[in-house]
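K.L.:
one predicted model, sequence on top.
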Amino acid sequence: MSSSESNGYGSGESVFVLCETCHWSATCFDKSRIDSEKCVICGNTAISTFPILPNEEFAFNYSERHGVELEFGLK
Ligand SMILES: [Zn+2]
(Lines give C-alpha, C1' and ligand atoms only; values in the text may rest on other atoms or scores of the structure.)
Protein backbone atom coordinates (compact mmCIF):
# COMPACT_ATOMS: atom_id res chain seq x y z
CA MET A 1 0.00 0.00 0.00
CA SER A 2 1.34 3.38 -0.95
CA SER A 3 1.33 6.16 1.60
CA SER A 4 3.12 8.73 -0.52
CA GLU A 5 0.03 9.91 -2.35
CA SER A 6 -0.79 13.54 -1.82
CA ASN A 7 -4.41 14.04 -0.90
CA GLY A 8 -4.53 17.59 0.38
CA TYR A 9 -4.88 16.63 4.01
CA GLY A 10 -1.18 16.86 4.72
CA SER A 11 0.01 14.11 6.98
CA GLY A 12 -3.22 14.08 8.94
CA GLU A 13 -4.93 10.82 9.43
CA SER A 14 -8.70 10.90 9.41
CA VAL A 15 -10.57 9.23 12.18
CA PHE A 16 -14.23 8.61 12.74
CA VAL A 17 -15.40 9.06 16.31
CA LEU A 18 -18.51 7.44 17.70
CA CYS A 19 -20.01 7.73 21.18
CA GLU A 20 -21.47 4.43 22.28
CA THR A 21 -23.88 6.09 24.69
CA CYS A 22 -25.62 8.86 22.76
CA HIS A 23 -24.45 7.88 19.25
CA TRP A 24 -22.90 11.23 18.60
CA SER A 25 -20.47 10.86 15.78
CA ALA A 26 -17.95 12.97 13.99
CA THR A 27 -15.25 12.69 11.43
CA CYS A 28 -11.98 14.33 12.36
CA PHE A 29 -9.48 14.96 9.62
CA ASP A 30 -6.64 15.39 12.03
CA LYS A 31 -6.55 13.01 14.93
CA SER A 32 -4.07 15.18 16.78
CA ARG A 33 -7.01 17.53 17.44
CA ILE A 34 -8.66 14.92 19.61
CA ASP A 35 -6.77 15.68 22.78
CA SER A 36 -9.14 13.92 25.10
CA GLU A 37 -11.17 11.03 23.84
CA LYS A 38 -14.44 12.16 25.28
CA CYS A 39 -17.88 12.74 23.83
CA VAL A 40 -18.62 16.44 23.43
CA ILE A 41 -22.32 15.83 23.98
CA CYS A 42 -22.62 13.58 27.02
CA GLY A 43 -19.05 13.54 28.30
CA ASN A 44 -18.83 9.77 28.15
CA THR A 45 -15.35 8.43 27.69
CA ALA A 46 -16.59 5.18 26.19
CA ILE A 47 -16.18 6.29 22.62
CA SER A 48 -14.89 4.36 19.68
CA THR A 49 -12.50 5.68 17.12
CA PHE A 50 -11.96 4.21 13.69
CA PRO A 51 -9.12 5.23 11.44
CA ILE A 52 -10.19 6.12 7.91
CA LEU A 53 -7.71 5.67 5.13
CA PRO A 54 -7.65 8.29 2.36
CA ASN A 55 -8.64 5.71 -0.23
CA GLU A 56 -11.42 4.27 1.85
CA GLU A 57 -15.04 5.05 1.50
CA PHE A 58 -16.99 5.15 4.67
CA ALA A 59 -20.66 4.96 5.50
CA PHE A 60 -22.39 5.28 8.81
CA ASN A 61 -25.92 4.13 9.45
CA TYR A 62 -27.95 4.14 12.59
CA SER A 63 -31.33 2.59 13.12
CA GLU A 64 -33.15 1.67 16.29
CA ARG A 65 -33.60 -1.83 15.01
CA HIS A 66 -30.08 -2.60 13.97
CA GLY A 67 -28.14 -0.14 16.06
CA VAL A 68 -25.02 1.29 14.56
CA GLU A 69 -23.80 -0.03 11.27
CA LEU A 70 -20.49 0.92 9.83
CA GLU A 71 -19.53 0.14 6.29
CA PHE A 72 -16.08 0.41 4.89
CA GLY A 73 -15.05 -0.08 1.32
CA LEU A 74 -12.46 0.98 -1.17
CA LYS A 75 -13.38 3.82 -3.47
ZN1 LIG B 1 -22.14 10.86 23.93
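P.N.:
Done, it's in.
K.L.:
quick one, grab the pLDDT at Arg33.
P.N.:
With respect to pLDDT, Arg33 scores 59.
K.L.:
equivalent analysis for Cys42, please.
P.N.:
92.
K.L.:
OK, contacts around the closest residue to Leu70 other than its chain neighbours?
P.N.:
Closest residue to Leu70 apart from its sequence neighbours, by CB to CB, 6 or more residues apart in numbering: Phe60 at 6.0 Å. (C-beta placed from N, C-alpha, C; glycine too.) Contacts for Phe60 (CB atoms under 8 Å, 6 or more residues apart in numbering) come out as 16, 18, 25, 68-71.
K.L.:
now flag whichever of the residues you listed is closest to Phe50.
P.N.:
The nearest member of the contacts of Phe60 to Phe50, counting by CB to CB, is Phe16 at 4.5 Å.
K.L.:
I'd like the average pLDDT over the host helix or strand of the closest one.
P.N.:
Here Phe16 is covered by strand 14-19, with elements defined by DSSP states H and E. Across strand 14-19, the average pLDDT comes to 84.
K.L.:
what does it contact?
P.N.:
24-31, 34, 37, 39, 41-42, 44, 46-54, 58, 60, 68, 70.
K.L.:
residue nearest the centroid of the chain?
P.N.:
Phe16 (0.4 Å; CA atoms, centre = their mean).
K.L.:
the contacts of Phe60 into TSV, with extra columns for secondary structure and distance to the ion?
P.N.:
Rendered in TSV, the data for these read as follows (DSSP: H, G, I helix; E, B strand; the rest coil; distance: CB to the ion, whole Å):
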residue	secondary structure	distance to the ion
Phe16	strand	14
Leu18	strand	9
Ser25	strand	9
Val68	strand	12
Glu69	strand	18
Leu70	strand	17
Glu71	strand	22
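K.L.:
neighbouring strands - and their directions - for the helix or strand following the strand holding Phe16?
P.N.:
Downstream of strand 14-19, the first helix or strand assigned by DSSP H and E is strand 25-28. Strand pairing for strand 25-28, determined by DSSP bridges: strand 14-19 (antiparallel).
K.L.:
fine by me, we can end here.
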